[in-house]
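*Asks:* sequence? don't have it. structure:
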């Protein structure tokens, strides 16, 4: 009984950690979107788009990438996995790939 409660507590902590990371990422995405909306200017060239994207990329911190990776490892969302399998299959010039390939 005590072991099950310990596992439940660690699961609850892990679940809270995932939720906290998700909220942090959502807040960062919101911040980046707001900044982009405020500084957006009409872009008429590919070079202009490239410069704007590079400016956004510079604002993404290592901790955000790590959080996304942890979140994806823990949750493994089925639609993402299916999409990645299709992408891997296309890159390998195959009809389909499986989750081991991803």
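*Replies:* Received, thanks. Computed from a predicted structure; not experimentally measured.
*Asks:* now the helix or strand bottoming out on mean pLDDT in the chain: how far from the chain's centre is it?
*Replies:* The helix or strand with the lowest mean pLDDT-type score in the chain, counting by mean pLDDT, DSSP states H and E, is helix 2-39 (a mean of 80). In terms of C-alpha atoms, centre = their mean, to the nearest Å, the centre of helix 2-39 is set 12 Å apart from its chain centre.
*Asks:* Kindly report the same for stretch 64-82.
*Replies:* Worked out by C-alpha atoms, centre = their mean, stretch 64-82 lies 6 Å from the chain centre.
*Asks:* Tell me which residues of that stretch come out buried.
*Replies:* 64, 67, 71 (16 or more other C-beta atoms under 10 Å). (Glycine included, C-beta is placed from N, CA and C.)
*Asks:* want to try TSV for the residues you listed, with distance to residue 38 as columns?
*Replies:* Conversion of the buried residues of stretch 64-82 to TSV gives the following (distance: C-beta to C-beta, whole Å):
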residue	distance to residue 38
64	20
67	25
71	28
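*Asks:* Keep only those of those residues that are in strands.
*Replies:* Assigned to strands by DSSP state E, none of the buried residues of stretch 64-82 qualify.
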